[in-house]
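Trainee: need a structure here:
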Amino acid sequence: MIAGPCVIESGEILEQIAQELKPLASNPKFDFYFKASFDKANRTSLESYRGPGLQKGLQMLGDIKNKFGYKLLTDIHESVQAGPVAEVVDVLQIPAFLCRQTDLIIAAAQTKRIINIKKGQFMHPKDMQYSALKALNTRAKNKHETPTYEACLEHGIYLCERGASFGYGNLVVDMRSMVIMRTFAPVIFDVTHSVQMPGGAGGKSAGDSSFVPYLAKAGAVVGVDGFFMETHIDPQNALSDGPNMILTAHLLDLASDLLALQECNQSLNHQKDKHATQH
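Mentor: Here you go, the predicted structure:
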């Protein structure tokens, strides 16, 4: 479970959200990562808030790690950021718009951190194998012609579904995408960005977070390796992606539902395996 605010707004707000997420982080059934961006370099408008920047942002993220003991995820936008960011966080995220940027992926793969590559809204899920392969063949001693789930998992390379463009200013989630990508890499489902409406609020993105629980539960039934959820104590007044984020208290309830669905899936698969063995 990867959870946290879209962007670092202030040390106080960052710490409040981290505090609210403690029940989730302490749940042994989740491998928890706290996320926040130090720079939203792809905002629609030049006037939109971007974040505190690299140096101050990493210091603030480091403070969260020291105080709460959380593992951290943040995104990078330039190759030169990979090294210094990897000194602080545990997961380097490649933004969806940059999922084909070879130098950026290679720079991330040259660190020892887990990599989470978001699928571009414009990408066929099958073609994400080439992004995964760039990272895999940078890390693996033996070169691969195609990536495999097992090899990517071993080398800490994940792909992330976050919706596909559906005309202008709208995204949809094709659940087949996660099934396809899981044939060659572990998959994280970014639910909150999947309800985004790009550019839908006049110079900034809109969205509808009321659909987050439905998409998340559908993803749990389809089968994914993890969830990415942006959350905030006051989404309506958040400085970035507020319409997509869910209240932290609501996330805690949703997480319980996702675990229940996962356990149901595991039970069904066990029954199928048992039936197949008997016959």
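Trainee: part of a strand, is Ile188?
Mentor: Yes - with DSSP: H, G, I helix; E, B strand; the rest coil as the criterion, Ile188 is part of a strand.
Trainee: check contacts around it.
Mentor: Going by Cβ atoms under 8 Å, 6 or more residues apart in numbering, Ile188 touches 2, 116, 158-161, 224-228. In short, each C-beta sits where N, CA and C put it, glycine included.
Trainee: same check, this time on Lys143
Mentor: Taking Cβ under 8 Å, 6+ apart, one finds Asn137 in contact with Lys143.
Trainee: cool, and Phe122?
Mentor: Neighbours of Phe122 in contact, by Cβ under 8 Å, 6+ apart: 164-165.
Trainee: any idea how far Leu171 is from it?
Mentor: 11 Å (Cβ to Cβ, to the nearest Å).
Trainee: assign Phe34 to helix, strand or coil.
Mentor: Under three-state DSSP, Phe34 comes out as strand.
Trainee: neighbours of the closest residue to it other than its chain neighbours, how many?
Mentor: Closest residue in space to Phe34, ignoring its immediate chain neighbours: Tyr70 at 4.0 Å, by Cβ to Cβ, 6 or more residues apart in numbering. Here the number of neighbours of Tyr70 (other Cβ atoms under 10 Å) works out to 21.
Trainee: for the chain, longest helix please?
Mentor: Across the chain, the helix with the greatest residue count (assigned by DSSP state H) is helix 248-278.
Trainee: which strands and helices lie in contact with that helix?
Mentor: Judged by 3 or more Cβ pairs under 8 Å, 6 or more residues apart in numbering; DSSP states H and E, helix 248-278 is in contact with helix 11-20, helix 22-25, helix 212-222, strand 226-232.
Trainee: now do the buried residues in the shortest one.
Mentor: Neighbour counts over helix 22-25 (16 or more other Cβ atoms under 10 Å) mark 24-25 as buried.
Trainee: all helices for the chain, in order.
Mentor: Counting by DSSP H, the helices of the chain are 11-20, 22-25, 54-68, 82-86, 102-109, 128-139, 149-154, 176-181, 191-194, 212-222, 248-278.
Trainee: can you tell me which of the ones you listed is most buried?
Mentor: helix 191-194 (a mean of 26; mean count of other Cβ atoms under 10 Å).
Trainee: ok so, going back, reformat the helices of the chain as a markdown table; add mean pLDDT.
Mentor: Putting the helices of the chain into a markdown table (pLDDT from 0 to 100) gives the following:
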| stretch | mean pLDDT |
| --- | --- |
| helix 11-20 | 97 |
| helix 22-25 | 97 |
| helix 54-68 | 98 |
| helix 82-86 | 98 |
| helix 102-109 | 98 |
| helix 128-139 | 98 |
| helix 149-154 | 98 |
| helix 176-181 | 98 |
| helix 191-194 | 97 |
| helix 212-222 | 96 |
| helix 248-278 | 85 |
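Trainee: Serialize those helices to a markdown table and add fields for distance to Lys40.
Mentor: Listed next are these as a markdown table, based on distance: least, Cβ to Cβ, whole Å:
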| stretch | distance to Lys40 |
| --- | --- |
| helix 11-20 | 15 |
| helix 22-25 | 24 |
| helix 54-68 | 11 |
| helix 82-86 | 15 |
| helix 102-109 | 16 |
| helix 128-139 | 21 |
| helix 149-154 | 27 |
| helix 176-181 | 24 |
| helix 191-194 | 12 |
| helix 212-222 | 20 |
| helix 248-278 | 20 |
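Trainee: tell me which of these lies nearest to Gly242.
Mentor: helix 191-194 (10.6 Å; Cβ to Cβ).
Trainee: can you name every helix or strand that the closest one contacts?
Mentor: Helix 191-194 packs on helix 212-222, strand 226-232, going by 3+ Cβ pairs under 8 Å, 6+ apart.
Trainee: hmm, back to that, which neighbours do Phe122 and Leu171 have in common?
Mentor: What both Phe122 and Leu171 touch, as defined by Cβ under 8 Å, 6+ apart, is the set 164-165.
Trainee: Glu87: neighbour count?
Mentor: 10.
Trainee: dump the residue contacts of the closest residue to it other than its chain neighbours.
Mentor: Once flanking residues are discounted, Glu87 sits nearest to Leu58: 7.9 Å by Cβ to Cβ, 6+ apart. Shown in contact with Leu58 (Cβ under 8 Å, 6+ apart): 38, 84-85, 87-89.
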